[in-house]
Structures are given as structure tokens and as C-alpha cells.
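Asks: When you get a sec, could you give me coordinates for this:
(one chain, ligands or ions: 1)
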Amino acid sequence: MRAPDAKRSATHDGGACMPELPFLTVLAENLEREVHGRAARDVLVRSVSVLKTFDPPITALSGMRITAVRRRGKYLLVEFGADLVLVMHLMRNGRLQLAGGDGRVPPPGRTAKDLALVLALDDGRDLRMIEIGPKKRAAVWLCRRGEEIGGPLAGLGLEPLSPLFTPGALARMLRGAHVRLKLFLVSQREVVGIGNAFADEILWAARLSPQAMADRLDAAAADRLHAAIVGTLSRAVDEHRREFGGTLPMKEPLHLLAVHRHGKEPCPRCGTPIAVIYYEDRETYYCPTCQSAGKVYADRRRSRLLR
Ligand SMILES: [Zn+2]
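Replies: Model prediction:
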């Protein structure tokens, strides 16, 4: 199998990808390196919709020291002292920036409306959560340590890169899932951290159709899917580390993806043009030769418009 060419350009320019496990893993690692041990001087909530909790009050963070930054599924957790955890979901257009202090140049500024939350740190820098665009869906919860598990993180499935995610665990999940594979991978209920982009990459690596039913996979296909989930995500985490160095990731590096957002380009494995299905708010890219025995699925968006 040929690795995706680093020079490949994405054919699709339809805006940002929602951050997924590789991006968020590197964001948590690099943010932790920058802010571990720093105290919050002040917290400013700039967007009315972003804060989902009121008890404890967000002002409880003032003076508290950051003890850890970690990722769970598509959530980022910033732990303060022994008692508090700030849980963040960036959704599609939310991002984190570090600005000011130490002569650092602030990241490219957008409009003031894009600023959702500012955490002023004791070293003069601001940790800013921004959300670009008119739709404000990014969310923040302040929880007492432990309460996040039954709160914003309730119902999350297994971490795909944890030792608990074995071929047997995946086989059990598949048996109970009467949904198409694409939906199975992005649901967050069975396995977490995978979104629209890496679901396509994983299914391409496993040579499985996004339209196949999860509970109909045979044992060999289920093993292939397990290997593709672990292999694709591990490799992507390494590639994201190289791509972003020590910086906070801002944009998914689409040139590292083999099929997602590479519609009509040749499949890196067999050369067949990559096909795309649009369904509701989701685009699915796949290789008809490698994944669906030559079948090209109807573009449901287009057929609805023509009806
Ligand atoms: Zn192919």
C-alpha cells in the first residue's frame, strides 16, 4: 500500500474539519507543555452560549493552578488544582490559541465575535478559545473533579488506542450495532474520537464499505477493521506530532489524508477515482474498487435536488 503523498492537495475546500483524535491528542500534549503549572489570573466568558454550567461558577478558576491537560474522545480536559476540571468541546470551528506575553506574536486575529472564552494566565499569556463563523456550537463545562464522567462525558465509548480496545472488544460492539459502518465509527458510543474524516480513512484502510452493516461483518472483516482503527489513528497521531511540532494545531492537515476530501482524485492504492456520498450534513469518501466491489452509491443530495 502506498502512503498518501505528502504533496497531495485536497480537492475540497468546504471549510474546517471537526478536530478528531489525532489533532486533539497533539493539541492536549502541546497545550499541557505550555500551560502546566501556570495559574489562572482571570477568566472571561465572551460568548453567551459557550458556558453550559453555572455551578461551580467559572470565577472559581481564578488563582487555581493547571495540573494537567488531557483528551477524552473529542473533549479536552484542563484540570485545575485537585478539584476542578474545565471540559471543552471545540465542535467544528472552535480552536484554542495562546496569545501575548514573552513577546510572542498573537495568532492571526479574527473578529471579536469569534472570541468565546479567555483564560488569563499568570505568565501574561491568554489561553483563548475562539470559534470562527456564525454558528456558535463550541461548549465548555466547569465540573468538580469526577462529575464530568456523569456530565458532559456520559455515554462515551472506549478509547481506540487504549489496551482495552482489543479485537474481541470490537467484535462484541459490532454484534450489537445494527447501523452502517460509517455511523458506527462516528457515533462515540462504542469507540470514541473518530469523526467524519478518520472514519473514511479507517474504512479505506480496512477495504470496507461505509454502507456495510456493522452487525453483518464476518470475523476476518472485523479483524481488518480493528487493525485499521488502531493503525490509522496511531500513524495519524505521529504525523500530526511532526506536522505541528510544539504548536497548537489550528487546521486538519488534509494532505495527510488518503481519501477524505480527495474526491475524484485517484485512490492511492488502485488509482480509481475516489467517490463521495453526501448524506445529511455528512460527506463520505470511499474507493469504489477497494471498498464496495465497484458499486458507486447514489449521491443522495443530488438525487433529492433533481426530484
Ligand atoms: Zn482503491
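
Asks: so how far is stretch 68-75 from its chain's centroid?
Replies: Distance, stretch centre to chain centre, for stretch 68-75: 11 Å (C-alpha atoms, centre = their mean, to the nearest Å).

Asks: That stretch: which residues count as buried?
Replies: Taking 16 or more other C-beta atoms under 10 Å as the basis for neighbour counts, the residues of stretch 68-75 that come out buried are 69-75. In this view, the C-beta of every residue, glycine as well, is placed from N, C-alpha and C.

Asks: Which residues of the chain lie near the ion?
Replies: Taking C-beta under 5 Å from the ion as the measure of proximity, the chain contacts the ion at 267, 269-270, 272, 287, 289-290.

Asks: Strands - which of those land there?
Replies: Assignment to strands by DSSP state E places none of the residues of the chain next to the ion there.

Asks: could you flag which of those are buried?
Replies: Of the members of those, the ones counted as buried by neighbours, 16+ other C-beta under 10 Å, are 267, 269, 272, 287, 289-290.

Asks: got the contact list for M91?
Replies: The contact partners of M91, taken as C-beta atoms under 8 Å, 6 or more residues apart in numbering, are 18, 131, 137-139.

Asks: Just name the closest of those residues to the ion, please.
Replies: The shortest approach to the ion among the contacts of M91 belongs to M18, at 25.3 Å (C-beta to the ion).

Asks: Wait, a strand at that closest one?
Replies: No: M18 sits outside any strand when classified using DSSP: H, G, I helix; E, B strand; the rest coil, being coil.

Asks: For it, the count of nearby residues, please.
Replies: Other residues near M18 come to 19 when the count uses other C-beta atoms under 10 Å.

Asks: was I right about it contacting K74?
Replies: Yes: with contact defined as C-beta atoms under 8 Å, M18 counts as touching K74 (7.4 Å).

Asks: can you map out the helices along the stretch 51-200 of the chain?
Replies: With DSSP state H, counting those that start in this stretch applied, the stretch 51-200 of the chain shows helices at 147-150, 167-175, 181-186, 196-206, listed in chain order.

Asks: Return the most buried member of those helices.
Replies: The densest packing among the helices of the stretch 51-200 of the chain, expressed as mean neighbour count by mean count of other C-beta atoms under 10 Å, is seen in helix 196-206 with a mean of 25.

Asks: hmm, back to that, distance to F184 and pLDDT for the residues of the chain next to the ion - can I get that in JSON lines?
Replies: Shown next, in JSON lines, are the residues of the chain next to the ion (distance: C-beta to C-beta, whole Å; pLDDT from 0 to 100):
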{"residue": "C267", "distance to F184": "23", "pLDDT": "98"}
{"residue": "R269", "distance to F184": "23", "pLDDT": "97"}
{"residue": "C270", "distance to F184": "25", "pLDDT": "98"}
{"residue": "T272", "distance to F184": "24", "pLDDT": "97"}
{"residue": "C287", "distance to F184": "19", "pLDDT": "98"}
{"residue": "T289", "distance to F184": "23", "pLDDT": "98"}
{"residue": "C290", "distance to F184": "19", "pLDDT": "98"}
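
Asks: Filter those residues down to the ones in helices?
Replies: Per DSSP state H, helices hold the following members of these: 289-290.

Asks: closest to G151 among the residues of the chain next to the ion?
Replies: Closest approach to G151 among the residues of the chain next to the ion (C-beta to C-beta): C287, at 40.2 Å.

Asks: Which residues are in contact with the closest residue in space to the closest one that isn't next to it in sequence?
Replies: What sits nearest to C287 in space, not counting adjacent residues and going by C-beta to C-beta, 6 or more residues apart in numbering, is C267, at 4.0 Å. By C-beta under 8 Å, 6+ apart, the contact list for C267 reads 204, 258-259, 273-274, 287, 289-290.

Asks: G176 now?
Replies: Shown here is G176, whose contacts under the criterion C-beta under 8 Å, 6+ apart are D215.
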